[in-house]
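**Q** give the three-dimensional model of this entry:
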Amino acid sequence: MPRNLFIFCLLLIANCISGSEDSEFCVKPDGVEVESKKCLATSNFSKKRYILYDVNPPEGFNLRRDVYVRVAVFVKKLLEENGEFDWNLVLPPWGNLYHWRSKNIGSQVGLPWGLFFDVSSLRKYIPVLEMYDFMKEYPSIGGEISLDIVYVLQNDEEMFKTGKFKDKNEIADCAKGKVRYEKIGKNKFTGNFWGYLNITARDVKCLTFQGTTSGLTKNLQPIFRSVVFDHMEIALHDFYGSKDYWTARRSMRYNQELYEIANEFRKNKLNSADLSDKTERPTDWKKEKGRRSALGGSYLALHLRRRDFLIGRSESVPTIENAALQLKKKLEELKLKTIFVATDAENEEYEELKKYLEDYIITKFIPSEYVRNKFKDGGIAIIDQIICSYARYFIGTHESTFTFRIQEDREIIGFPSNTTFNRLCGKEKKCSQGGKWEIVW
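**A** The predicted structure is shown next:
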């Protein structure tokens, strides 16, 4: 036994022996056996518990942001209802996602949350820590971290066949070819642990799951100090659209430098500033109050999704010419002359849009080499979203999570909802603008 571990064991046993006679149990840290009938666990080491999670690899940046809210609300409820343990959420590093296609900007794998979000702001809602901080404080042997258990969530295919959905949480056989873990020894599984080769798990179980995140509470056993939920996108929101949802969402402030870059662009290219636009916000999100008085900059913001939507959702995606006709009509109605465009369209399509709207100012954010190399594709996407969220009027793309996140930001800032929940029609002449998920304070 290593000398440091031996000393730790002695201290732990001494702590238990000196505990109150009224205490009935002592939580045993991983890898340490303590023989004591009655002992008091007073150390933070034994009470700290970690929730880790991952999602299906093809899922995009903005869906993953939504999954974070689900897990954050889940952890918040654990803290409120189970005070026995100190629950902490480990933030999964960002990987090389489908839409992150830029070349020559360095690695886009294993990116920390702090690159995109204000982690100190997240901590005002629940205790969170970056993966690299978790790896520093979690016990390891020879540099290898062994997590207690991984639950791989699976859909109940029978429910999809019958259309009859009911809550379900059952240990089941793993779906063939869909599990990213392999047993390599007794109590040892390897797999795709966020790209880290020095992380393994003692056990992996597949879980046929249908329901909300709170249903996973039953899988948190006291002996588990670290629990991973893989395919967490399968678990549904407990309180989608509720005050709990919006409180967690409001805590997701972006990296301050991203705001500064976006605000500089607003100032120089769009003649937009918080004071004149009535979009000032308190530094601390907890001091925000509900309102509908935000005016926004004198420009229309457009999220024009193309690429995969041209195939998967072709009916709801307009041609560039048709999009221009709809935009021109709206600009005349609003008496605006400027459009900010956030798009994944090829440059040829962007130039085509400008051609059809030659009487208007059409602009988009073009990042500097510094911004591209530091903040990668994810940060550039957030800058686009920030600029869109401060516009006088926003038009999004039907069923796009990129659009959803902008709409949420505009709800938090305090815009009238009729300036936010809008979209271009596809092949149909008239189309429903969809539901309005308004903020709850």
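
**Q** what residues does residue 88 make contact with?
**A** The contact partners of residue 88, by C-beta atoms under 8 Å, 6 or more residues apart in numbering, come to 48-51, 75, 127-129. Just so you know, the C-beta spots here come from the backbone N, C-alpha and C atoms, and that holds for glycine as well.

**Q** hmm, try it at 7 Å
**A** Counting by C-beta atoms under 7 Å, 6 or more residues apart in numbering, residue 88 touches 48-50, 127, 129.

**Q** so what's it bridging to?
**A** Under DSSP bridges, the beta-bridge partners of residue 88 are residue 50.

**Q** how close does it sit to residue 298?
**A** 45 Å (C-beta to C-beta, to the nearest Å).

**Q** quick check: pLDDT value at the spatially most central residue of the chain.
**A** The residue lying closest to the centre of the chain (C-alpha atoms, centre = their mean) is residue 65, at 2.0 Å. We have a pLDDT of 98 for residue 65.

**Q** residue 8 now?
**A** Listed pLDDT for residue 8 reads 40.

**Q** and for residue 148?
**A** On the pLDDT scale, residue 148 gets 98.

**Q** just checking, it touches residue 225?
**A** Yes. With contact defined as C-beta atoms under 7 Å, residue 148 counts as touching residue 225 (5.8 Å).

**Q** so which other helices or strands are in contact with whatever helix or strand residue 190 lives in?
**A** Residue 190 is part of strand 188-191 when elements are defined by DSSP states H and E. Contacts defined by 3 or more C-beta pairs under 7 Å, 6 or more residues apart in numbering; DSSP states H and E place strand 188-191 against strand 181-185, strand 199-201.

**Q** tell me the contacts of the residue nearest to the centre of the chain?
**A** Contacts of residue 65 (C-beta under 7 Å, 6+ apart): residue 405.

**Q** for the one 4 residues further on, same thing?
**A** With contacts defined as C-beta under 7 Å, 6+ apart, the neighbours of residue 69 are 245, 248-249.

**Q** kindly recompute the last result at 8 Å.
**A** Residues counted as contacts of residue 69 (C-beta under 8 Å, 6+ apart) are 237, 245, 248-249, 252.

**Q** helix, strand, or coil at it?
**A** The three-state label given to residue 69 by DSSP: H, G, I helix; E, B strand; the rest coil is helix.

**Q** mind giving me the domain ranges of this protein?
**A** Per automatic domain parsing, the structural domains of the chain span 1-42, 46-234, 254-419.

**Q** quick one: contacts of stretch 225-233?
**A** For stretch 225-233, the external contacting residues (C-beta under 8 Å, 6+ apart) are 29-30, 48-56, 59, 63, 67, 70-71, 138, 147-154, 180, 201, 216, 219-220, 235.

**Q** about what we covered before: mind putting the helices and strands packed on strand 188-191 in CSV, mean pLDDT and distance to residue 373 included?
**A** Converted to CSV, those look like this (pLDDT from 0 to 100; distance: least, C-beta to C-beta, whole Å):
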stretch, mean pLDDT, distance to residue 373
strand 181-185, 96, 34
strand 199-201, 98, 28
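
**Q** need the winner for burial among those strands.
**A** Of the helices and strands packed on strand 188-191, the one with the most neighbours on average (mean count of other C-beta atoms under 10 Å) is strand 199-201, at a mean of 21.

**Q** show residues contacting stretch 431-440.
**A** 241-243, 245-246, 290, 316, 398, 404, 407-408, 411-412, 417, 420-423, 425.

**Q** derive a PyMOL selection command for the buried subset of the residues you listed.
**A** Filtering the contacts of stretch 431-440 down to the buried ones (16 or more other C-beta atoms under 10 Å) takes a single PyMOL command:
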select buried, resi 245+246+316+398+404+407+408+411+412+420+421+422+423+425
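
**Q** restricted to helices, list the contacts of stretch 431-440.
**A** Among the contacts of stretch 431-440, the residues falling in helices (DSSP state H) are 243, 245-246, 404, 407-408, 411-412.

**Q** hmm, back to that, and the strand holding residue 190, which residues are buried?
**A** For strand 188-191, the neighbour count (16+ other C-beta under 10 Å) marks 189-191 as buried.

**Q** what's in contact with it?
**A** Outside strand 188-191, the residues that touch it by C-beta under 8 Å, 6+ apart are 146, 150, 180-184, 200-204.

**Q** over to stretch 251-260?
**A** Stretch 251-260 has contacts (C-beta under 8 Å, 6+ apart) with 65, 68-69, 72, 114-118, 121-122, 124-125, 285, 375, 379, 382-383, 386.

**Q** before we move on, the earlier item: so can I have JSON lines of the contacts of residue 69 showing pLDDT?
**A** Shown next, in JSON lines, are those (pLDDT from 0 to 100):
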{"residue": "237", "pLDDT": "96"}
{"residue": "245", "pLDDT": "97"}
{"residue": "248", "pLDDT": "98"}
{"residue": "249", "pLDDT": "98"}
{"residue": "252", "pLDDT": "98"}
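
**Q** what about the closest residue to residue 427 other than its chain neighbours, distance to residue 342?
**A** The spatially closest residue to residue 427, leaving aside those adjacent along the chain, is residue 315, at 5.7 Å (C-beta to C-beta, 6 or more residues apart in numbering). Going from residue 315 to residue 342 by C-beta to C-beta gives 22 Å.

**Q** same deal with residue 393?
**A** 14 Å.

**Q** joint contacts of those two?
**A** Joint contacts of residue 393 and residue 342 (C-beta under 8 Å, 6+ apart) are residue 301.

**Q** low-confidence ranges, the stretch 151-300 of the chain, go.
**A** Applying pLDDT under 70 to the stretch 151-300 of the chain flags no residue at all.

**Q** what about the helices in it?
**A** Using DSSP state H, counting those that start in this stretch, the helices found in the stretch 151-300 of the chain span residues 157-162, 243-250, 256-270, 274-277.

**Q** make TSV from these and add distance to residue 321 to it.
**A** Converted to TSV, those look like this (distance: least, C-beta to C-beta, whole Å):
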stretch	distance to residue 321
helix 157-162	39
helix 243-250	36
helix 256-270	25
helix 274-277	31
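
**Q** so which of these is the most surrounded?
**A** helix 243-250 comes out most buried of the helices of the stretch 151-300 of the chain by mean count of other C-beta under 10 Å, with a mean of 20.

**Q** quick one: contacts of that one?
**A** So helix 243-250 is contacted by 69, 72-73, 76, 125, 237-239, 285, 288, 408, 411-412, 439-441 (C-beta under 8 Å, 6+ apart).

**Q** just the buried members of those?
**A** Using 16+ other C-beta under 10 Å as the burial test, the contacts of helix 243-250 include 69, 72-73, 76, 125, 237-239, 285, 408, 411-412, 439 as buried.

**Q** now, among these, which is nearest to residue 346?
**A** residue 408 (28.0 Å; C-beta to C-beta).
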